[in-house]
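Colleague: quick one: sequence and predicted model below, then my questions.
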Amino acid sequence: MTLRVYDTRTREKREFSPLNEGRVSMYVCGITPYSPSHLGHARCYLAFDLVHRWLEASGYEVDYVQNFTDIDDKILNISESEGVDFSVVSNRNIDDYFEVMDAMNVLRADHYPRVTETISEIIDMISKLQEKGHAYVGGDGVYFEIDTAPEKYGQLTGQTLEMVRAGAGGRVTDTGSGKRDHRDFALWKLAKPGEPFWESPWGDGRPGWHIECSAMSLNHFGEQFDIHGGGHDLRFPHHEAEIFQSECCTGCEPVVGYWMHNGFVNVDGEKMSKSLGNFWTVREAFENYTPLALRYALLSIPYRNPIDLSPEFLEDARMNYERLIEAYGVSLSSDSDSGTDLSEASQRITDAMNDDFNSRAAIIAIQEVVSQYSGRDIATWLEHYAGEVLGLLPSSEEMLAGRARADSARAKVTDKVEALLNEREIARQSKDWNRADEIRDELTSMDVIVEDGPDGPTWRLA
RNA sequence: GCACGGGUGUCGGAGUGGUUACGUCGGGGAUUGCAAAUCCUCUUACCUGGGUUCAAAUCCCAGCCUGUGCUCCA
């Protein structure tokens, strides 16, 4: 089976066929770094990390670009309230982004362009749009005029011009001081007093939100590229604005081969968002779940479906993840070569991933191998599928270091535990169950779990 | 209001025109002094109403419920 990818624009899974044989150009909308990353961000970049990994595992050479919107109203508000330059705020949150994503095994993109480093390309693009009659200068900036390309409306959301002209259910009444029509969107915003600005033919100011992605993708990939990703909420207006800008600027369509949008992270059925105050930052989540257990949880649902975060959901994922790690650790230290044939499981994972990156089906195939072949020589297989493809495994060095730590922790209490276990065995032989259970309770309080097997008791640390 | 998703068993949650999802929880059993672990096994499904079909939970239509977008948002 060949790779099939769901495209938001055509609303169907289509066989994946990049513009250039063997190479994939992929652009994913990055964060606006005005606050630490939350789990919604994690879900998005985990999802596209999976796409990145699978394309590479399938033999494609992937050129992956992800931007940072490092100048924006919210960043300016924060920098003003803190009395620092806006770059202090954005750099701080970009650092946070990389730290938490690295911890979750998110591979780095090839390029991370920033708005503030793309100003001249943005100005070129706006100038060209103005030359072609798609942009006009309004009172407080330069705007894209929707009416110059009405046929491009609604490609990602199915909305027609008339619907939105009607005014979003009557809620949009303000057309903005400089717009001809409320559907027009800003390409360049003139600076207010005290705001950072860049010089432009239209006056000092900064780019509108949508134009950066068009300018960056044009800059890196040219007029067309293969995959454009982002959160579901970016379909409109952000991504539709990009279609307007890019295609009207170059005259080439479609600008994007496959539009991919990941589903939301919800809490109690509602979208996790700053305005609802129901978000967890990734770091907060790390307090309760290890980064890779969190990765497991967020990849255990296909990327297009919403995830409703609940304690049950996360605990379930944690438990299953620990089984995987335990099995990997055991197989790493076992040197038995039993020639286990895992080709059927491999094929199931390939089929799952080729079906629009179905990571859940792939994870289930891995867990079945884990439960079926535990203790066998599956380390190499796990390293490929659970490690390289799904990014779920720590490096073998980390695994071995972790086991070394566990061994030394075990060594510290071994003498005492063995002594207590001996005493308990004597009690058990004389059927003094009260004394035996008392000793087991004592061991439990030392975080030692005792398991009586047919060959006598074994123990491990909790 | 309009657009686009989703409604599955105790719960979480895939998938699918006819055949076990998976995990969890619960019941029963093996093993066990008890417990744990392990193994076996069972029960509880596909929102409602129509339609297409030999066959629909799966496709189509309508309805209901719910989420998201239409404003900054991954």
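Modeller: That came through fine. Here the structure is a predicted model, which means the values were calculated and not measured.
Colleague: enumerate every residue touching the closest residue to A:Arg180 other than its chain neighbours.
Modeller: Once flanking residues are discounted, A:Arg180 sits nearest to A:Glu145: 6.5 Å by C-beta to C-beta, 6 or more residues apart in numbering. Quick note: C-beta positions are derived from backbone N, CA and C, even for glycine. Neighbouring residues of A:Glu145 by C-beta atoms under 8 Å, 6 or more residues apart in numbering: A:134-136, A:180-181, A:184.
Colleague: tell me the buried residues within these.
Modeller: A:134-136, A:184 (16 or more other C-beta atoms under 10 Å).
Colleague: surely A:Lys13 is in a strand?
Modeller: Yes. The assignment for A:Lys13 is a strand, going by DSSP: H, G, I helix; E, B strand; the rest coil.
Colleague: what's the burial count for the nearest residue to it once chain neighbours are set aside?
Modeller: Leaving out its chain neighbours, the residue that sits closest to A:Lys13 by C-beta to C-beta, 6+ apart is A:Arg4, at 4.4 Å. Residues near A:Arg4, counting by other C-beta atoms under 10 Å, number 15.
Colleague: roughly how far apart are A:Ser81 and A:Lys412?
Modeller: Per C-beta to C-beta, to the nearest Å, A:Ser81 is found 50 Å from A:Lys412.
Colleague: what number of residues lie near A:Thr148?
Modeller: A:Thr148: 16 neighbours (other C-beta under 10 Å).
Colleague: which helix is the longest one in chain A?
Modeller: helix A:396-429 (DSSP state H).
Colleague: following that one in sequence, what is the next regular element?
Modeller: helix A:433-445 (DSSP states H and E).
Colleague: near RNA strand B, which residues of the stretch 201-350 of chain A?
Modeller: By the rule C-beta under 7 Å from any atom of the strand, the part of the stretch 201-350 of chain A lying against RNA strand B is A:209, A:230-238, A:262-266, A:269-275, A:301-302, A:305-308, A:310, A:312-313, A:316, A:319-320.
Colleague: and those, which are buried?
Modeller: Buried among these by 16+ other C-beta under 10 Å: A:209, A:230-231, A:234-238, A:262-266, A:271-273, A:301-302, A:307-308, A:320.
Colleague: nearest to A:Gly205, of the buried ones among the contacts of A:Glu145?
Modeller: A:Ala135 (13.7 Å; C-beta to C-beta).
Colleague: contacts only, for the nearest residue to that closest one once chain neighbours are set aside.
Modeller: For A:Ala135, ignoring the flanking residues on the chain, the nearest one in space by C-beta to C-beta, 6+ apart is A:Leu129 at 4.2 Å. Residues in contact with A:Leu129 (C-beta under 8 Å, 6+ apart) are A:135, A:144, A:187, A:245, A:248-249.
Colleague: can you add distance to A:Lys74, pLDDT and secondary structure and give those back as CSV?
Modeller: Shown next, in CSV, are the contacts of A:Leu129 (distance: C-beta to C-beta, whole Å; pLDDT from 0 to 100; DSSP: H, G, I helix; E, B strand; the rest coil):
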residue, distance to A:Lys74, pLDDT, secondary structure
A:Ala135, 25, 95, strand
A:Phe144, 22, 94, strand
A:Leu187, 19, 95, strand
A:Gln245, 22, 96, helix
A:Cys248, 28, 96, helix
A:Cys249, 27, 96, helix
